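[1] Sharing a model prediction with you, sequence too.
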Amino acid sequence: MTQSTDSGLDARRYRTVVWVVALATVGLIFDGYDLVVYGTVVSTFLRDPSHIGTVTPAIAGALGSYALVGVLVGALLAGTVGDILGRRKVMLLAYAWFSVGMALTATASTTTMFGWMRFFTGLGVGALVATTGALVSEYAPKGKKNLCNAITYSGVPLGSLLAALLAILLLQIIGWRGMFLIGALPLVTLLPLAYFKMPESVAWLASRGRLAEARAISKRTGIEIPEAVPTGAGEVVPVTVGKAGFAGLFSGTYIFPTILLGLMSATGLVLVYSLNTWLPELMLRAGFNAKGSLSFLLVLNGGAVLGALAGSRVADRFGPKPVVASCFVIGAASIALLTLSLPLAALLAIVAIVGLGTSGTQTLIYGFVANYYRTNVRGAGVAWCAGFGRLGGVGGPMLGGLLIGGGFALNSIFYVLAGLGLLGVLLTLLVPIARRPLELHTTRIEPTPQAAPGKVAAAVPRKA
């Protein structure tokens, strides 16, 4: 009977983890699609003012950054709201928000309207990115947390790859407006499915003292309540240690690593967004045709997916810090190699490695951060990484626009990006090794002789 019960529990737990990771991954696929879809159409805007008006390289860089300013704001807001309202509610709202934003962007007829709609869309994307890592980390099995986060955040380069592929196949047929409308599909697909299949985090509910809800979801999903076990004397109630949210993030021993992790994410996202926005245009200027230049974008994000998944397995075994540092090194070296005159096949292979060292590295950074903090600051930690990091995302398209608009040689642009990769290595090495945080204390509720049965009169703290 016990074996049968344990087997049923394991099956429920497995199904729950699969649903959570799958839904979270699909959500981030659309985040990645949003990231690259602008890069696939920016050359059209630069060469044809009939779409949204005259677009210069500087204006194109600014337009690419507006969505990322929205992501920054949305992520930082979600870090606070998500630790108060819960991961699930924020994620459902984010799915609806960015879907509507993508649909509205498709109707833009001026650069001003296009920029505002990109900002609006970014708010939803930021809320999603900031919340996803916390939820997945709290459902992922021990020993596979980096892998689950890597699978989930590989949705970003997968979506980027999808945007590049669809642009190659469909851009000439459906135009740039059709490309943006594809990004609105989660409103009628992912959102309804997530509403019924995405549970709230059991760990978050327990950390908020909402034990009845935590027990109900634990029973339904097979996910255990952290540190909450019955005792002969009464019920053990988990209480999270330390300040919650951003207050906990910027207090005590977390201050220094929090700053470094934010700077790491910002550096990584400068590389991600500059390449995903400007790589097709750079390759056009290098002499490749439109479809050929988009192929580089396809290969870049394919390398990111495979590299992040492989790197996550190593990170689960040896820790994420050395893996992230190594990936930054690989990214810097491979970007520098793009300055060489090489055959097309060799260039494509190097671009795939660039994907590992840029978007792939960023995927591993999210896993690093999601598992670095204790439960009651995890949402704020991921939000900080996604939000503050988006300052780098804002700077990426603008940096590319300034370098291209300033007439810098192609090789000089690649050397600048390689230098940023080396900066990422330094920042990663400076992050202190995380001491395993004591997630929860427990408080055993002891009945006293004067209290009636079923009532409580005193709480006796007990360290878990």
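    Cool, got the structure. Residues are numbered from 1 along each chain as shown.
[2] Could I get the CA-only coordinates of the helix or strand where Tyr366 lies as PDB?
    Taking DSSP states H and E as the criterion, Tyr366 maps to helix 361-370. Extracted in PDB, the C-alpha atoms of helix 361-370 (Å, rounded to 0.1, in the frame of the first residue of the first chain):
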ATOM      1  CA  THR A 361      25.200  32.300 -21.100                       C
ATOM      2  CA  GLN A 362      22.200  34.500 -20.300                       C
ATOM      3  CA  THR A 363      20.000  31.400 -19.900                       C
ATOM      4  CA  LEU A 364      22.500  30.000 -17.400                       C
ATOM      5  CA  ILE A 365      22.700  33.300 -15.500                       C
ATOM      6  CA  TYR A 366      18.900  33.200 -14.900                       C
ATOM      7  CA  GLY A 367      19.300  29.600 -13.500                       C
ATOM      8  CA  PHE A 368      22.300  30.900 -11.400                       C
ATOM      9  CA  VAL A 369      20.200  33.700  -9.900                       C
ATOM     10  CA  ALA A 370      17.000  31.600  -9.400                       C
END
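[3] Pull the residues that contact it.
    Outside helix 361-370, the residues within contact range by C-beta atoms under 8 Å, 6 or more residues apart in numbering are 129, 133-134, 136-137, 145-146, 149-150, 153-154, 156-157, 261, 264-265, 268-269, 271-272, 304, 308, 311-312, 315, 320-321, 323-324, 327-328, 331, 378, 381-382, 384-386, 389, 424. Yep, even glycine has a C-beta here, placed from its N, CA and C like the rest.
[4] try 6 Å this time
    Around helix 361-370, the neighbours that count as contacts under C-beta atoms under 6 Å, 6 or more residues apart in numbering are 133, 137, 146, 149-150, 153-154, 261, 264-265, 268, 272, 308, 311, 320, 324, 327-328, 331, 381-382, 385.
[5] What residues does Ala325 make contact with?
    Here Ala325 is in contact with Val425, Thr428, Leu429 (criterion: C-beta under 6 Å, 6+ apart).
[6] Could you tell me what pLDDT the model assigned to the residue lying closest to it once chain neighbours are set aside?
    Of all residues not flanking Ala325 in the chain, Thr428 sits nearest, at 4.2 Å (C-beta to C-beta, 6 or more residues apart in numbering). The score at Thr428 is 92. That number is its pLDDT.
[7] ok, now which ones touch Thr428?
    Met264, Val324, Ala325 are the contacts of Thr428 under C-beta under 6 Å, 6+ apart.
[8] give me phi/psi at the second one?
    This means Val324. phi -60, psi -40 (degrees, to the nearest 10).
[9] what do you get for the one 4 residues further on?
    Phe328 has phi and psi values of phi -60, psi -40 when expressed as degrees, to the nearest 10.
[10] Also Ala247?
    phi -60, psi -40.
[11] Residue ranges in this protein under the pLDDT threshold?
    1-9, 79-80, 83, 226-245, 289-293, 375, 434-464 (pLDDT under 70).
[12] pull the longest helix from it.
    helix 2-47 (DSSP state H).
[13] between that one and helix 361-370, how many degrees?
    140 degrees (axes from the mean of the first three to the mean of the last three C-alpha atoms, to 10 degrees).
[14] State the next helix or strand along the chain beyond helix 2-47.
    helix 57-85.
[15] And the next helix or strand past that next one?
    helix 87-105.
[16] any idea how far stretch 354-364 is from the chain center?
    12 Å (C-alpha atoms, centre = their mean, to the nearest Å).
[17] now stretch 312-322
    18 Å.
[18] So what touches that stretch?
    Asn146, Leu147, Ala150, Val323, Phe368.
[19] run the last query once more with 7 Å
    Gly143, Lys144, Asn146, Leu147, Ala150, Val323, Leu364, Gly367, Phe368, Thr428, Val431, Ile433 (C-beta atoms under 7 Å, 6 or more residues apart in numbering).
[20] what does stretch 389-405 give?
    56-58, 60-62, 64-65, 68-69, 71-72, 75, 126, 262, 265-270, 272-274, 277-278, 281, 413, 416.
[21] how about a cut-off of 8 Å?
    In contact with stretch 389-405 (C-beta under 8 Å, 6+ apart) are residues 56-65, 68-69, 71-72, 75, 126, 262, 264-275, 277-278, 281-282, 285, 365, 412-413, 416.
[22] give the contact list for the residue nearest to Gly155 when sequence neighbours are not counted.
    Nearest in space to Gly155, with sequence neighbours left out and distances taken as C-beta to C-beta, 6+ apart, is Leu28 at 3.2 Å. Contacts for Leu28 (C-beta under 8 Å, 6+ apart) come out as Leu128, Val129, Thr132, Thr152, Tyr153, Gly155, Val156, Gly159.
[23] which one of those sits closest to Val21?
    Thr152 (5.7 Å; C-beta to C-beta).
[24] isn't that closest one right up against Gly133?
    Yes: the criterion here is C-beta atoms under 8 Å, and Thr152 meets it with Gly133 at 7.4 Å.
[25] number of nearby residues for Leu92?
    Using other C-beta atoms under 10 Å, Leu92 is surrounded by 17 other residues.
[26] Let me know the distance separating it from Leu85.
    Using C-beta to C-beta, to the nearest Å, Leu92 is found at 11 Å from Leu85.
[27] Repeat that for Val41.
    35 Å.
[28] can you pull the contacts of Leu123?
    Counted by C-beta under 8 Å, 6+ apart, Leu123 has contacts Gly70, Val71, Val73, Gly74, Leu77, Trp97, Phe98, Gly101.
[29] Mind checking which of those residues are buried?
    Burial by neighbour count, 16 or more other C-beta atoms under 10 Å: within the contacts of Leu123 this picks out Gly70, Val71, Val73, Gly74, Leu77, Trp97, Phe98, Gly101.
[30] Out of those residues, the closest to Leu420 would be?
    Of these, the one sitting nearest to Leu420 (C-beta to C-beta) turns out to be Val71, at 19.2 Å.
[31] Next up, the contacts around the closest residue to that closest one other than its chain neighbours.
    In this structure, Val71 finds its nearest non-sequential neighbour in Gly126, 3.7 Å apart by C-beta to C-beta, 6+ apart. If a contact means C-beta under 8 Å, 6+ apart, then Gly126 has Gly70, Val71, Leu72, Val73, Gly74, Ala75, Leu76, Leu77, Ala78, Ala386, Gly387, Arg390 as its contacts.
[32] Output those as CSV; include the columns distance to Phe196.
    As requested, those are arranged in CSV below (distance: C-beta to C-beta, whole Å):
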residue, distance to Phe196
Gly70, 28
Val71, 27
Leu72, 31
Val73, 30
Gly74, 25
Ala75, 26
Leu76, 29
Leu77, 26
Ala78, 22
Ala386, 26
Gly387, 29
Arg390, 31
